[in-house]
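[1] fold the following.
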Amino acid sequence: MPNNNRHISNLTRDTYALVLAGGRGSRLHELTQWRAKPAVFFGGKFRIIDFPLSNCINSGIRRIGIATQYKSHSLIRHINRAWSHFKKEMGESVEILPASQRYGDEWYRGTANAVFQNIDIIRHELPRFVMILSGDHVYRMDYGPLIAKHVAQGADMTVCCIEVPIEEAAGAFGVMTVDENNKVLRFDEKPEHPSEIPGKPGYCLASMGNYVFNTEFLFEQLQVDDEKANSSGDFGHDIIPSIIKSHEVYAFPFRDPNSEKQPYWRDVGTLDSFWEANMELVELDPQLNMYDEDWPIWTYQEQTAPAKFVFDDENRRGMAINSTVAGGVIVSGSTIKRSLLFNKVRVSSFCLIEESVVLPGANIGRNCRIHKAIIDRNVNVPENLVIGKDHEQDKANGFRVTDKGVVLITRDMIAGYLAKQAVEQAQSEPIE
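    The predicted structure follows:
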């Protein structure tokens with residue numbers, strides 16, 4: 001076992017990871033109006049990008065580039081605060097690679113083009129392998145066995161996959177058709193009828209958007225793709241279909257090494273899935289264990305005072321039940337149930353907050369009733385507001401309500417709501 005561990009550590013040391021973090025995340029609507037999807041807050045104190053970055057560090061991969069593009073200011077600020085302490089002279093670095101038109105006059109066109117435009121930076125690192133990672137998924141994974149399997153199979157490219165039920169993958173995921181050795185025979189982008197895994201009926205292999213390449217092979221394919229006039233510059237649409245028949249492309253099923261079961265992996269790409277994934281974390285025994293000291297999730301954390309709960313009267317008691325509460329939070333005479341309160345949230349007296357995600361710096365006024373909501377950063381919820389109990393009223397107030405009944409509240413929405421209230425009040429006042 002020690003020799004195998006050393007073999008894997010040598011492979012991860014010789015790997016450069018490029019995290020693609022320019023995603024717009026349009027299905028998150030106003031939650032990504034001013035931030036890229038990888039910069040979205042998650043889990044009470046983290047941002048989504050902290051998960052793939054922590055996976056890299058915990059796996060022994062310490063040369064990392066982060067390709068940014070869409071509304072990247074908050075993402076870059078977070079990376080600088082949380083991930084800038086690595087020392088280049090020690091052979092480790094986390095570098096931001098913004099879209100900068102290094103090759104031609106265009107911004108990143110697709111996932112492959114984002115890598116192509118940073119070829120010179122990757123080449124300077126002289127890695128044996130390049131790992132391409134999506135920056136907008138929540139999961140914990142040791143990348144060492146993936147790279148080791150890539151080498152053992154003599155692969156040119158390895159695609160990391162999750163096993164997904166056929167009905168769930170149809171029209172939603174890129175699906176790999178493989179043989180009994182997981183050699184990729186075909187790739188279909190969001191097919192209506194996905195092909196099954198050999199020996200496992202009812203399931204298919206869906207791409208996670210994570211790839212391992214032999215470095216020189218990657219560079220060759222990116223150069224070929226860039227010379228194609230009709231290419232969209234994307235791994236799924238262009239690179240993978242073009243090399244399956246002529247090169248060694250394998251799928252790597254993402255499984256728990258101990259139980260062989262499907263590990264935790266979430267694409268929090270919609271408001272409903274974002275809310276659901278956060279709610280999973282307040283369960284008694286959540287599948288994503290963020291308290292595991294052997295696999296910590298690293299992030300930037302402000303130095304704040306401990307969370308505080310005040311008042312203990314019969315109808316004015318500060319308490320949180322089945323919830324997570326970050327530092328700097330003050331709950332004043334209100335009840336929090338099955339919710340996540342990020343840092344520096346303030347909850348005034350006589351409130352009830354249930355099944356909600358309250359992002360940093362939000363302030364909840366007195367006598368509010370909030371159910372199944374996402375409260376964006378620094379939102380000031382006015383007194384006596386009821387959210388999530390009457391969806392028609394929520395919509396009339398200018399709030400976004402999802403198909404599954406999750407209510408999103410942003411600062412602009414509250415500003416519109418208050419303006420509307422002021423107009424209605426002025427119209428109701430008698431004219432003297």
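[2] show me where the stretch 51-200 of the chain has its helices.
    73-83, 111-116, 119-125, 144-152, 166-169 (DSSP state H, counting those that start in this stretch).
[3] hmm, I was thinking of the stretch 301-432 of the chain
    391-396, 411-428.
[4] please enumerate residues in contact with the longest one?
    By C-beta atoms under 8 Å, 6 or more residues apart in numbering, the list of residues contacting helix 411-428 from outside reads E30, D376, N378, V379, N380, V381, P382, N397, G398, F399, R400. Bear in mind the C-beta positions are built from the backbone N, C-alpha and C, glycine included.
[5] in PyMOL, select just the buried ones from these.
    A single PyMOL command selects the buried members of the contacts of helix 411-428 (16 or more other C-beta atoms under 10 Å):
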select buried, resi 30+376+379+381+397+398+399+400
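[6] hang on, the earlier thing: want to try TSV for the helices of the stretch 301-432 of the chain, with mean pLDDT and distance to P253 as columns?
    Below are these laid out as TSV (pLDDT from 0 to 100; distance: least, C-beta to C-beta, whole Å):
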stretch	mean pLDDT	distance to P253
helix 391-396	98	40
helix 411-428	94	42
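[7] still on that earlier bit, so which of the contacts of helix 411-428 is the closest to A229?
    E30 (37.3 Å; C-beta to C-beta).
[8] do you know how far the closest residue to that closest one other than its chain neighbours is from G328?
    What sits nearest to E30 in space, not counting adjacent residues and going by C-beta to C-beta, 6 or more residues apart in numbering, is T410, at 4.8 Å. Applying C-beta to C-beta, to the nearest Å, the value for T410 to G328 is 21 Å.
[9] kindly report the same for I64.
    29 Å.
[10] same check on N343?
    N343 is 5 Å from G328, by C-beta to C-beta.
[11] between the two, which contacts overlap?
    Common neighbours of N343 and G328, using C-beta under 8 Å, 6+ apart, are E302, T304.
[12] quick one: V282 and L341 touch, right?
    No: using C-beta atoms under 8 Å, V282 is not in contact with L341, being 10.7 Å away.
[13] mind checking which of these two has more residues around it?
    Remark: of V282 and L341, L341 carries more neighbours, 29 against 19, as counted by other C-beta atoms under 10 Å.
[14] leaving out chain neighbours, which residue sits closest to D238?
    Using C-beta to C-beta, 6+ apart, the closest residue to D238 is S231 (4.9 Å).
[15] tell me the secondary structure for the one you found?
    coil (DSSP: H, G, I helix; E, B strand; the rest coil).
[16] run a quick neighbour tally on S349.
    Neighbours of S349 (other C-beta under 10 Å): 18.
[17] brain fart, G174
    22.
[18] for it, which non-adjacent residue is spatially closest?
    G174's closest residue in space is S207 (C-beta to C-beta, 6+ apart), at 4.2 Å.
[19] from memory that neighbour sits against M176, does it?
    Yes: in terms of C-beta under 8 Å, S207 counts as a neighbour of M176; the distance is 6.4 Å.
[20] show me the shaky parts of the stretch 1-150 of the chain.
    Counting by pLDDT under 70, the ranges of the stretch 1-150 of the chain that qualify are 1-3, 101-105.
[21] what about the longest strand in this structure?
    Secondary structure assigned by DSSP state E gives strand 203-214 as the longest strand of the chain.
[22] what's the next secondary structure element after that one?
    helix 215-226 (DSSP states H and E).
[23] report the angle between that following helix and strand 203-214.
    110 degrees (axes from the mean of the first three to the mean of the last three C-alpha atoms, to 10 degrees).
[24] what residues sit buried inside helix 215-226?
    In helix 215-226, counting by 16+ other C-beta under 10 Å, buried: T215, F217, L218, F219, Q221, L222, D225, D226.
[25] and the fifth one, what is it in contact with?
    Right, the one you point to is Q221. F213, I239, S242, I243.
[26] you'd agree the third one is in a helix?
    Yes: S242 sits within a helix when classified using three-state DSSP.
[27] thought E220 was touching it, still the case?
    No: using C-beta under 8 Å, S242 is not in contact with E220; the gap is 11.6 Å.
[28] report the separation between V164 and M279.
    Taking C-beta to C-beta, one finds V164 at 21 Å from M279.
[29] kindly report the same for D234.
    From D234 across to M279, the span is 33 Å (C-beta to C-beta).
[30] more crowded one of S207 and M176?
    M176 (27 against 22).
[31] per the annotation, how does the chain divide into domains?
    1-281, 308-428 (the TED database).
[32] ends of the shortest one, how far apart?
    Meaning domain 308-428. Domain 308-428 has an end-to-end distance of 41 Å (criterion: C-alpha to C-alpha, to the nearest Å).
[33] next one: stretch 138-151
    End residues of stretch 138-151 are separated by 26 Å (C-alpha to C-alpha).
[34] how far does it sit from its chain's centre?
    Stretch 138-151 sits 18 Å away from the centroid of its parent chain (C-alpha atoms, centre = their mean, to the nearest Å).
[35] name the residues that touch it?
    4, 7-9, 11-12, 15, 17, 42-43, 48, 51, 54-56, 58-61, 129, 131, 158, 160, 210, 212, 250, 252, 254, 257, 263-266, 268, 277, 288, 292, 295, 297.
[36] so which bits of that stretch are buried?
    For stretch 138-151, by 16+ other C-beta under 10 Å, it's 138-141, 143-151.
[37] circling back: make TSV from the contacts of Q221 and add neighbour count and pLDDT to it.
    Output for the contacts of Q221, formatted as TSV (neighbours: other C-beta atoms under 10 Å; pLDDT from 0 to 100):
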residue	neighbour count	pLDDT
F213	24	98
I239	27	95
S242	16	95
I243	20	97
